[in-house]
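S.K.: From the sequence below, what's the structure:
(chains A and B)
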Protein chains: 2
Amino acid sequence: MAQSLTDTNPVMASDASHVLSVDAMGGDKGPATVVAGLSKFLNKNPDSRAMLHGPQDTLEALVQKHKIADRVTICAADDVVNMTDKPSQALRHGKATSMWSAIEAVRDRKAAVCISCGNTGALMAMSMLRLRKAEGVNRPAIACLWPSRNPAGFNVMLDAGADIRADQDDLLTYALMGASYARNGLQIARPRVGLLNVGTEEHKGRAELKVAHEIIGEAAEAGEYDYVGFVEGGDLPSDKVDVIVTDGFTGNVALKTGEGTATLISELLRESLMKTPLSILGALFARGSLKRLRKRIDPRRVNGGVFLGLNQTVIKSHGSADATGVAAALHLAYQLAQSGFSDKLAARVASAASLAQDTPQEAGSDKPGTKTG
Amino acid sequence: MAQSLTDTNPVMASDASHVLSVDAMGGDKGPATVVAGLSKFLNKNPDSRAMLHGPQDTLEALVQKHKIADRVTICAADDVVNMTDKPSQALRHGKATSMWSAIEAVRDRKAAVCISCGNTGALMAMSMLRLRKAEGVNRPAIACLWPSRNPAGFNVMLDAGADIRADQDDLLTYALMGASYARNGLQIARPRVGLLNVGTEEHKGRAELKVAHEIIGEAAEAGEYDYVGFVEGGDLPSDKVDVIVTDGFTGNVALKTGEGTATLISELLRESLMKTPLSILGALFARGSLKRLRKRIDPRRVNGGVFLGLNQTVIKSHGSADATGVAAALHLAYQLAQSGFSDKLAARVASAASLAQDTPQEAGSDKPGTKTG
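M.R.: Below you'll find the predicted structure:
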C-alpha cells in the first residue's frame, strides 16, 4: 500500500492502520459528544490514534479537557455540512467542511477509516467523489448490523440506504461485500448469505430477484460464502443467515421499521411496569435482567453503517449518537482498520465479480430462467 | 344491494350483513381451531351467523360439540387448498375446495365477508377471479393493522403483499381504500395518510413516489383524508399517521420485519427474566403488567389481512392462528360487514379515483415535477 506519511506530527509518524479520521461536526449533539466518545475509545485501545476534523479552537479545548491531546491531531476545518443540505449542495460548496477534510485524510492514506455522524447523503456523495468506487462496483452500499440470535449477536444487512435501487449485478456485489464484511467485522469464516424477498419459494418476487438468486448461488464458491436462498423480513434477526442482501429502499424501510418496533416495545414495557405498585417492585427485583436486555438490543451498540464498495472505508454513525454510540462506531472502525479490510474487500470484489460475470454464460446457458433479466 | 337470499335455511333467512362465510380448512391447526374461534365469536355476537365450508362430517361433529349448530350452515366441500399450492394450480383445480366455496357464498350475496386461514396467494387469485376488481382499481391490496401509539391502538398499512409492484396510480388507490378502511374499521372520521419512503424530504425516493406524493395530496379533499406526506419505517407504529401507503414488496418486508423484531424482543425478555432467582421473583410480581403488555402487542389481536379493491370483502387470517386469533379475524369481518364497508369502499374508489385522474392535468400543468412519471 502506497502511503504518503510524513514525520511532522505524532499521528502521521505511526502506521496509518492505527489511525482513525473523525469528523467532529454534523452530529445532532455537537463536537463535545464526539470527542467524549473518542476519549472512551482511545482509552480502551492504547495503540490507536485519531485525526479530528473541525474548528481548531473548539476542538483543542475539548481534547485538552479529555487529556487526549498527545494522541489526537486536530485538522482545522471551519465549515459544517448540515443535516438538511442536499448532497449536490454539499459537493459544490463543501471543500472547507470537516466532513470533506475527514474523507481527504483517508484518501491521502494518513488514516485507515473515516467516521462521521453527519448527513448520510452528503457523506456518501463526497466519499464517492473523493475515494472513488472500487473496481467492479457499480453501486456502493451501506451495511448495518442487526441484533440477532446468532452467536456473534448480530447479522449484517445491506444495502441500508446508499441507493434506492439495485439490479441483479448490484445484489451479487452486495453479497460478496457483505460476506467479506462479516468475515472481517464479525469473524465469521464462511458467512451464510440470504436474499431478502416476500417468500422463500423460488417462484416468488420480482424478476431481478430471481436472476440475483441464480448468480449469487453460482458465485458462492468463489466468494467463500454459503448461499441459503431467499429469506423474509422475519429472518433478519434469525440465526439461519449471517448476511442479508437487499436493495437500499427495502433495506432502509426494514431498518427503520425494526428500530421503530423495538422502541415502541421498550416504551410500552416501561409504562406497563410503572403502572401498579406490585409491578414497580417486580421491575426493581428484575432490574439487572432488564438492564442486560436493554443492553442487548441497544441501538447504540450496533451504531455504525459501513460504506462498502469504495476504495477506502467510511463509517456513518447515527446523527443522534451519544458518547457510547460514537465509541461503538469507532471500535468497529478500528477493528476493520486493523484487519486491512478495505484492501481485502477490493480484491474480493474485483476477482469474484469478474468470475461471476462469466458464470451465467457458461453454466447458465442450459438453464431456463437465468436470462429473464 | 341486490341479494339472492332464499328461505331454505336459518342463515339465508336473515340479512346477509349478519352472515360471515368461513373457510374451515387450510389453516395450520385444522378445522377444530377454526370452529373453536367461530364459537367464541358467535357467543359474543348474538345476532351473527355463519356459513362454514369444508368436509360435512368433520364440521358437523365440531359444530355439535360447540353447540352452535343452530347458527351455522355447513357447506360441504371436500377438497383443500394446501399452503404449498401455487395460485395458478389452485385456480385450475380448486373448484371443489372449501376456499372456493367460501368465496362463492359472498359472490352470491349469501354472506357479507369471507374469512380464510389458507394460502394467501391462492385466496387472492380466487377472490380476484370470482369477486372481480372494483371499478377504478388496477391492483387490489392487502391492508393490515399495525400496533401503534394512536388512540385506536392500531395503524393501517397497505399493501402488505397482494402484489409485488405498485405504480403511482395504484398508490393513490391504496390511499383512498386505506382511508375508507380506517373510517369503517377503526372509526377514524378523517384519517391521516402517509406515503412510505426512505426519508421525509420531498426530493428523496423513487420517481413514482414523487408523483404519488403529488396526486395523493391533491386527492385528499375528495377522499376525505389528511395527507401528511412522506413517512419512514420508524413511523409505522407512531401516532403521526393513521394509514401508511406502500407497494406490496416493501409492505410485506416491513410487516415481517416488525413481527420478527417483536418476537425476538419477547423471547429475549422471557429468557432474561428467567436467568436469576431475583428476576424470576420480579417477573412474578410484574406478571399482570407483563401480561397486559403481551396482550397489547399480541399479533393474534391484529389478526386479519383485509383484501381491498374487490367487489366484496375477503379477510385472510394468519395460517397459524389459534382460536383467539380466528375469533379476532371474525370480529373484524363482522364489524366491516355491519358498516356496509364493501359498498362504501367501491363507491369511494370509483368516484374519487376518477376525480383524481383529472386533477394533475388541470392543477398540475403549471407545476414542475408533477410530470416526471
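S.K.: so residue A:66 sits right up against residue A:35, yeah?
M.R.: Yes - at 6.0 Å, residue A:66 and residue A:35 qualify as touching, with contact defined as C-beta atoms under 8 Å. Glycine gets a C-beta too; all of them are placed from N, C-alpha and C.
S.K.: which phi and psi does residue A:149 have?
M.R.: Main-chain dihedrals, residue A:149, degrees, to the nearest 10: phi -80, psi 0.
S.K.: thinking again about what came up before, neighbour-wise, which of residue A:66 and residue A:35 wins?
M.R.: residue A:35 (26 against 17; other C-beta atoms under 10 Å in any protein chain shown).
S.K.: contacting residues around residue A:204?
M.R.: A:197, A:198, A:230 (C-beta atoms under 8 Å, 6 or more residues apart in numbering or on different chains).
S.K.: pLDDT score assigned to it?
M.R.: We have a pLDDT of 74 for residue A:204.
S.K.: before we move on, what SS does it have?
M.R.: Put simply, residue A:204 is coil when judged by DSSP: H, G, I helix; E, B strand; the rest coil.
S.K.: in chain A, which spans are helices?
M.R.: Secondary structure of chain A (DSSP state H): helices at A:10-13, A:30-44, A:56-65, A:87-93, A:98-107, A:120-131, A:168-185, A:207-218, A:220-223, A:248-273, A:277-285, A:287-296, A:323-338, A:341-363.
S.K.: Give me the mean pLDDT for the last one.
M.R.: Looking back up the chat, that one is helix A:341-363. On average, helix A:341-363 scores 64.
S.K.: Restricting to C-alpha, output stretch A:243-259 in PDB.
M.R.: Provided in PDB are the C-alpha atoms of stretch A:243-259 (Å, rounded to 0.1, in the frame of the first residue of the first chain):
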ATOM      1  CA  VAL A 243     -25.700 -11.600   5.700                       C
ATOM      2  CA  ILE A 244     -29.000 -10.300   4.300                       C
ATOM      3  CA  VAL A 245     -28.800  -8.800   0.800                       C
ATOM      4  CA  THR A 246     -31.500  -6.300  -0.500                       C
ATOM      5  CA  ASP A 247     -31.800  -3.000  -2.300                       C
ATOM      6  CA  GLY A 248     -31.400   0.200  -0.400                       C
ATOM      7  CA  PHE A 249     -35.000   1.200  -0.400                       C
ATOM      8  CA  THR A 250     -36.300  -2.000   1.100                       C
ATOM      9  CA  GLY A 251     -33.300  -2.200   3.400                       C
ATOM     10  CA  ASN A 252     -33.800   1.300   4.700                       C
ATOM     11  CA  VAL A 253     -37.500   0.700   5.400                       C
ATOM     12  CA  ALA A 254     -36.700  -2.600   7.100                       C
ATOM     13  CA  LEU A 255     -34.000  -1.000   9.300                       C
ATOM     14  CA  LYS A 256     -36.200   1.900  10.400                       C
ATOM     15  CA  THR A 257     -39.200  -0.500  10.900                       C
ATOM     16  CA  GLY A 258     -37.100  -2.700  13.200                       C
ATOM     17  CA  GLU A 259     -35.800   0.200  15.200                       C
END
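S.K.: Need the worst-confidence member of the contacts of residue A:204.
M.R.: Among the contacts of residue A:204, residue A:198 has the weakest pLDDT, 91.
S.K.: Angles on the backbone of it, please.
M.R.: According to degrees, to the nearest 10, residue A:198 has phi -90, psi 10.
S.K.: Tell me how far it lies from chain B.
M.R.: Look at residue A:198 and chain B: by C-beta to the nearest C-beta, to the nearest Å, they are 4 Å apart.
S.K.: contacting residues for that residue?
M.R.: Under the criterion of C-beta under 8 Å, 6+ apart, the neighbours of residue A:198 are A:204, A:205, A:232, B:161, B:164, B:248, B:249, B:252, B:253.
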